[in-house]
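Engineer: dropping a prediction and its sequence here:
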Amino acid sequence: MEEMKKNCRLGAKLHRIDLLMRYHLRSQDKELIPPAQMRMMEFIKNNEGCTQAELAGSMQVSPASVAQSLKRMEAAGFIERAVCKGNLRANSLHVTALGEEAAANCRRVFDMLESSMTSGFSEEEKALLSELLSRTIENLESSDTGGMNNMELSKLLEAGMGENKREERTAPKGAEGPLK
């Protein structure tokens with residue numbers, strides 16, 4: 001029974017999957033764009049001429065966050081902005097050929113990785129795995145994180161919010177800082 005319990009440590013397995021995915025993504029292509037930029041370019045391409053506000057809404061981030069990414073993407077030659085007709089304060093967004101190529105390359109790498117991860121799985125097993133992972137995510141969502149997308153959750157953790165919560169959970173009353 002103890003051996004079965006030891007082999008079912010899902011947290012460790014999910015962490016290992018995360019590390020292996022990062023390793024494979026980095027080993028595939030040194031010039032791979034960030035996944036968030038890929039998703040932004042895919043949205044812009046599918047919604048040609050959309051505005052920064054529409055993009056921010058679809059990505060579930062603030063317009064200021066999108067502005068920073070757009071600045072980097074424009075500097076790299078991936079997107080172009082043009083003044084919207086009828087609203088001189090807004091810009092319409094367009095993906096350049098270079099941006100399309102970068103996004104397509106990133107999508108190809110992600111699709112290959114997912115295919116590799118599920119090699120030998122039947123379609124039913126893939127659907128079951130997807131359902132089980134969705135339920136796991138639902139079980140972990142809280143009122144604090146339920147409305148956040150991955151980018152927002154990552155920023156929250158990078159800002160140290162995760163560390164503060166961990167300290168609150170692990171430090172006994174009257175103790176200073178986390179347990180050692």
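Structural biologist: Received, thanks.
Engineer: for the lengthiest strand in the chain, buried residues please.
Structural biologist: When the chain is scanned for its longest strand (criterion: DSSP state E), the result is strand 87-95. Judged by neighbour count (16 or more other Cβ atoms under 10 Å), strand 87-95 contains these buried residues: 91, 92, 93, 95. Any C-beta I mention is one placed from the backbone N, CA and C, and that applies to glycine too.
Engineer: for those residues, which one is nearest residue 145?
Structural biologist: residue 93 (28.8 Å; Cβ to Cβ).
Engineer: look up how far residue 140 lies from the closest one.
Structural biologist: Taking Cβ to Cβ, to the nearest Å as the criterion, residue 93 is separated from residue 140 by 34 Å.
Engineer: in what helix or strand does residue 80 lie?
Structural biologist: Under DSSP states H and E, the secondary-structure element containing residue 80 is strand 79-84.
Engineer: how about that strand as CSV, C-alpha atoms only?
Structural biologist: Provided in CSV are the C-alpha atoms of strand 79-84 (Å, rounded to 0.1, in the frame of the first residue of the first chain):
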residue,chain,number,x,y,z
ILE,A,79,3.4,43.3,-36.0
GLU,A,80,2.4,46.7,-37.4
ARG,A,81,0.1,49.2,-36.0
ALA,A,82,-2.1,51.6,-38.1
VAL,A,83,-4.4,54.4,-36.9
CYS,A,84,-8.0,53.1,-36.9
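Engineer: give me the mean pLDDT for that strand.
Structural biologist: Regarding strand 79-84, the rounded mean pLDDT is 90.
Engineer: partners of it in the sheet?
Structural biologist: Sheet partners assigned to strand 79-84 using DSSP bridges are listed as strand 87-95 (antiparallel).
Engineer: how far away is residue 110 from residue 140?
Structural biologist: When residue 110 is compared with residue 140 (using Cβ to Cβ), they lie 23 Å apart.
Engineer: same deal with residue 97?
Structural biologist: Applying Cβ to Cβ to residue 97 and residue 140 gives a distance of 41 Å.
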